[in-house]
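>>> Fold the stuff below for me.
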Amino acid sequence: MRVIVVGGGVVGTMHAWQAVERGHEVVQIEREAEARGASLRNFGQIWVSGRAGGEELDTALRARELWERIGERVPGLGFRAIGSLTPVRNAREHAVAEAAVARPDAASRGYELVTAAEAREINPALRGAFEAALWCERDAAVEPRTAQLHLRQALEATGRYTFLPGREVREVTGPGAVRDDHGDVHRGDAVVLATGAWLSGLVRELVPDLPVRRVRLQMMQTAPLGEPLTTSVADADSFRYYPAYQSRALDALNAGQAQAPVAAAHKMQLLMVQRLDGGLTIGDTHEYEHPFAFDTLEDPYEHLTEVVESFLGRPLPKIRHRWAGVYAQCTDTTRVVHRQQVADGVWLVTGPGGRGMTCSPAIAETTANELGW
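Okay, here's the model as predicted:
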C-alpha cells in the first residue's frame with residue numbers, strides 16, 4: 001500500500017509512522033520547510049492526568065504506552081517518564097485533589113495525594129510554600145521542537161518513506177490522489193490530511209462546515225534553571241481547565257476562590273516542563289474569539305512568572321523566548337479528534353486540541369485500524 005500524508009506535524013508524522021510500521025510506503029508532504037505549528041509550539045507533555053474518562057483517557061493511556069515504545073527506538077525524542085505535580089495551597093484546592101484521588105480511574109492515571117515534604121522528595125526544586133500536591137505518575141515529556149525531525153530520520157532509514165517539504169496541497173484530483181502547488185500529482189491507496197490548524201484552502205473546500213475551531217495561546221521559555229526540575233508542574237487553575245477534575249469540590253473552588261484577574265481574563269493555567277537543555281517551557285493562555293490578536297501581551301507572562309517563582313522559591317531564570325501558537329480543537333470538546341472521509345480515498349484528521357502531542361500516536365493507530373492498513 002502507498003499512503004500520502006499531508007501535514008508535517010506530530011499528528012501527520014504519527015500517521016506516517018503507523019503506515020511504515022505496517023509495511024507500507026509513505027510520502028509525507030509539508031507546506032513549510034519544516035512543521036511550524038502547534039506540534040513545535042507546545043510543552044512536549046504527554047499529559048494523561050487531566051483527561052476526561054472514557055475514550056479520551058483510553059486514547060491518552062494508549063498513546064502514553066506508544067510514546068514510550070517509540071522513545072526506546074528513537075532516543076532523539078527525549079522521552080522522559082517524569083510524572084507531574086500540582087501543588088495545592090489551601091483547603092479548597094486540597095479538596096479538589098482529594099476528589100481526584102477518589103475517582104474510580106485514579107489508579108490508571110497514577111494519581112496520589114502527597115504531602116509537601118513528599119512532593120519535595122519527588123521534585124527538590126519546589127522550595128516554595130504549599131501544603132500538599134497531586135502527583136500523577138503517568139505523565140511524561142518529549143522534546144517538541146525536535147521530535148518530528150528524529151521521527152523522520154527513523155522513517156527515512158526504512159527506505160519506504162519520503163518527505164516533501166515546501167509544497168502545499170491544492171486539489172484532490174481523483175481517488176487517493178492530490179496535486180501540490182508545484183503541479184505534481186501524488187497518488188496512493190489512501191490520503192490522510194493531517195493539516196492541524198490550517199483549516200482554509202483545500203480543507204474548507206472539502207468540508208465547508210467543519211466542526212473544528214482554532215485556539216490561540218501564549219507561552220515562554222527560560223534560560224537553564226541550573227538544577228533539575230524532575231517533574232512537570234501545574235497549578236490549581238489547571239483543575240478548572242481539565243475535565244478530569246470535575247467534582248463538587250471543584251464547584252466549591254470555582255464558587256469560593258476566584259482566579260487572579262489576569263488568569264481569568266486570559267483563561268490561564270500554569271503548566272511547566274523542563275527541556276533537555278535545562279530551560280523551562282511555561283504557559284499558557286487561551287483565546288477563542290476571532291480574529292486573534294497579532295501581538296503577545298505581557299500581563300500573562302508576569303502572572304506566570306509570579307506563580308512559578310512562588311513554587312520554586314527563587315527567581316525565574318531569564319526569559320529567552322516568547323511566542324504565540326494556534327491549534328485546532330473540535331467544537332464538541334468531548335471528542336478526541338475529528339476524523340472524516342472527505343473524498344474517495346481521502347480522510348481528514350484534525351481537531352485534537354491541546355491533546356495533539358499527547359494523543360497523536362493513538363489517534364494515528366486508530367486511523368490505521370479503521371482504514372484497514
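>>> When you work out contacts or count neighbours from here on, use the C-alpha atoms and nothing else.
Will do.
>>> what about stretch 37-52, how long is it end to end?
This stretch, stretch 37-52, spans 25 Å end to end (Cα to Cα, to the nearest Å).
>>> now stretch 163-183
By Cα to Cα, one end of stretch 163-183 lies 17 Å from the other end.
>>> Quick one: mean pLDDT over the top helix by length along the chain.
In the chain, with assignment by DSSP state H, the single longest helix is helix 55-73. Over the span of helix 55-73, the pLDDT mean works out to 97.
>>> what does stretch 248-262 give?
Per-residue pLDDT values over stretch 248-262 give a mean of 97.
>>> Buried residues in it, which are they?
By neighbour count on 16 or more other Cα atoms under 10 Å, the buried set for stretch 248-262 is 249-250, 253-254, 259, 262.
>>> ok, these vs Gly7, which is closest?
Closest approach to Gly7 among these (Cα to Cα): Val262, at 35.0 Å.
>>> ok so, going back, just give me the closest of the buried residues of stretch 248-262 to Leu61.
Distance to Leu61, by Cα to Cα, is smallest for Leu250 among the buried residues of stretch 248-262, at 23.9 Å.
>>> Show me what the helix or strand harbouring the closest one is packed against.
Taking DSSP states H and E as the definition, Leu250 sits inside helix 248-256. On a contact count with 3 or more Cα pairs under 8 Å, 6 or more residues apart in numbering; DSSP states H and E, helix 248-256 meets helix 91-101, helix 237-241.
>>> Next, the angle helix 248-256 makes with the first one.
With axes from the mean of the first three to the mean of the last three Cα atoms, to 10 degrees applied, the angle from helix 91-101 to helix 248-256 works out at 160 degrees.
>>> Give me the helices and strands touching helix 91-101, please.
Using 3+ Cα pairs under 8 Å, 6+ apart: helix 91-101 touches strand 111-115, strand 132-136, helix 248-256.
>>> thinking again about what came up before, rebuild the helices and strands packed on helix 248-256 as CSV, extending it with distance to Ser360, mean neighbour count and mean pLDDT.
CSV is the format used below for the helices and strands packed on helix 248-256 (distance: least, Cα to Cα, whole Å; neighbours: other Cα atoms under 10 Å; pLDDT from 0 to 100):
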stretch, distance to Ser360, mean neighbour count, mean pLDDT
helix 91-101, 25, 21, 98
helix 237-241, 21, 19, 96
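>>> In CSV, list those along with distance to Val191.
Shown next, in CSV, are these (distance: least, Cα to Cα, whole Å):
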stretch, distance to Val191
helix 91-101, 41
helix 237-241, 34
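>>> Could you grab the helix/strand/coil label for Arg320?
Following DSSP: H, G, I helix; E, B strand; the rest coil, the label given to Arg320 is strand.
>>> what's the closest non-adjacent residue to it?
With sequence-adjacent residues excluded and distances taken as Cα to Cα, 6 or more residues apart in numbering, Arg320 is closest to Thr222, at 5.1 Å.
>>> okay, now the one you found: neighbour count?
Thr222: 19 surrounding residues under other Cα atoms under 10 Å.
>>> Verify the stated contact: it with Leu280.
Yes. Between Thr222 and Leu280 there is a contact at 5.2 Å, judged by Cα atoms under 8 Å.
>>> part of a helix, is Val233?
No. Applying three-state DSSP, one finds Val233 to be strand, outside a helix.
>>> what about the chain, any weak spots by pLDDT?
For the chain, no stretch has pLDDT under 70.
>>> Mind listing what's buried along stretch 151-171?
Buried positions in stretch 151-171, judged by neighbour count with 16+ other Cα under 10 Å: 151-152, 154-155, 160-171.
>>> returning to that earlier point: what sits up against the helix holding Leu250?
Around helix 248-256, the neighbours that count as contacts under Cα atoms under 8 Å, 6 or more residues apart in numbering are 92-93, 95-96, 99, 239-240.
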